[in-house]
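K.L.:
Structure, please.
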Amino acid sequence: MIVIGVDAHKRTHTLVALDAVTGASRGERTIQASDDGVLNGLRFAVALDRDRVWAVEDCRHVTSRLERALLGAGERVIRVPPALTGESRKASRTPGKSDPIDARAVALAAIREGVENLPVAFLDEQAHEIRVLCDYRDQLMHERNRLICRLRWHLVRIAPEIEAQLGPAALKGPRIRARLARQLGQLPASPELRVAKAQLRRINAIEKEQRELFAELTTLIQAHAPQLLEQRSIGTVTAAVIIGRTAGARRFRSEACFARHAGTAPIPANSGKTIRYRLHRGGDRQLNRAMHIIALGRVAWDPETRAYIQRRQSEGKTKLEAIRCLKRHIARQIWHLLDNTQRPPPPSTTPRRLVITAAPAIMPCAR
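P.N.:
Take a look at the predicted model:
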């Protein structure tokens, strides 16, 4: 079997094929990031070995088109986290950095970790839509906060008495913003006043847009995984982060793999007679943050969760260690909830929209 490492870019993809047993190079190729380029890559792979697996670095903003074409052609595709490729690059004997070196690092990481232990590529279009909208809303919130900070500094210079009346989060309220607009309209004209009014209008526009995004996300989540919104301490934004960052629960072999991806799997930190576990600081940090928000919400408002934390603390664990255990339970629960969503149709083993001429027929890899 061969492992084909892929270093993906916007314009080109570099492929390096390695023997899955020895790690010896079997060939390399650079293709265009287009349909014709994918055809050339498939011809290259078919000529090397019928038993093959594609190892693609997990950066779906540039690899989604390639993954979609490979899965449509019946190929087996796995995703390699960028952190693993960094470790392979450090251990490589080849100095420097280039696209072939990076592609080789991706393939070596897949071989070292085991192709069966890495998540398979799974195209969940609804989850992708939710992630795109959620990320855009997050960007809008960051822009709103920056504009609020700048507006307050302008107010310090042009109307310090007005700024002193505003609380730390006052400008997030629509009534206070409306009152501020009336107060600014009574001040004498100046360039700084003009900028302040423009910033306030932009803040109002962002608030309106984010409300529309929130409503759209709620509709998508209710259609995709309504069971998430029924759980304690899981709102629309948290559910959107979970769905978007998970990108299909069925791409994980088990709930333990999902917990590792979410950064909630326990890591042993034993030394001598000390037997303990520590927090896992790897995985998807946005997904881990969502788990942490759920855990803190349940600790604050759920009597059963508080009883669980107290029981763990009575066993000798610190509060942070008890919360780590709670996050592990939450990850297990969420994986089962997402795993119970409607199963997508299996990928076809017949090439779709991709016809390769002058090459052997594409066969699905042995599982």
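K.L.:
any weak-confidence spans in the stretch 251-367 of the chain?
P.N.:
Counting by pLDDT under 70, the stretch 251-367 of the chain contains low-confidence ranges at 341-367.
K.L.:
make it 50
P.N.:
Low-confidence segments of the stretch 251-367 of the chain (pLDDT under 50): 342-367.
K.L.:
where exactly do the helices run in it?
P.N.:
255-261, 285-301, 303-314, 319-339 (DSSP state H, counting those that start in this stretch).
K.L.:
how about Ile31, secondary structure?
P.N.:
Classification of Ile31 into helix, strand or coil gives strand, according to DSSP: H, G, I helix; E, B strand; the rest coil.
K.L.:
neighbours of it, just the number please.
P.N.:
The number of residues packed around Ile31, counting by other Cβ atoms under 10 Å, is 20. C-beta: built from backbone N, CA, C; applies to glycine.
K.L.:
and the residue lying closest to it once chain neighbours are set aside, what element?
P.N.:
The shortest distance from Ile31 to any non-neighbouring residue, by Cβ to Cβ, 6 or more residues apart in numbering, is to Gly37 (3.8 Å). When secondary structure is defined using DSSP states H and E, the element that contains Gly37 is helix 35-48.
K.L.:
Any chance you could give me that helix in PDB, C-alpha atoms only?
P.N.:
What follows is helix 35-48, C-alpha atoms only, in PDB (Å, rounded to 0.1, in the frame of the first residue of the first chain):
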ATOM      1  CA  ASP A  35     -10.600  19.400 -12.300                       C
ATOM      2  CA  ASP A  36      -7.900  18.700 -14.900                       C
ATOM      3  CA  GLY A  37      -5.300  18.800 -12.200                       C
ATOM      4  CA  VAL A  38      -7.300  16.200 -10.100                       C
ATOM      5  CA  LEU A  39      -7.500  14.000 -13.200                       C
ATOM      6  CA  ASN A  40      -3.700  14.100 -13.500                       C
ATOM      7  CA  GLY A  41      -3.300  13.300  -9.900                       C
ATOM      8  CA  LEU A  42      -5.600  10.300 -10.200                       C
ATOM      9  CA  ARG A  43      -3.700   9.100 -13.200                       C
ATOM     10  CA  PHE A  44      -0.500   9.500 -11.200                       C
ATOM     11  CA  ALA A  45      -1.900   7.500  -8.200                       C
ATOM     12  CA  VAL A  46      -3.500   4.700 -10.300                       C
ATOM     13  CA  ALA A  47      -0.200   4.100 -12.100                       C
ATOM     14  CA  LEU A  48       1.700   3.600  -8.800                       C
END
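K.L.:
and that helix, what other elements does it pack with?
P.N.:
Judged by 3 or more Cβ pairs under 8 Å, 6 or more residues apart in numbering; DSSP states H and E, helix 35-48 is in contact with strand 2-8, strand 12-19, strand 25-32, helix 60-72.
K.L.:
burial count for Phe44?
P.N.:
Counted with other Cβ under 10 Å, the neighbours of Phe44 add up to 17.
K.L.:
Touching, it and Leu15? I think so.
P.N.:
Yes: contact criterion Cβ atoms under 8 Å: Phe44 and Leu15 qualify, at 6.4 Å.
K.L.:
Understood, closing this out.
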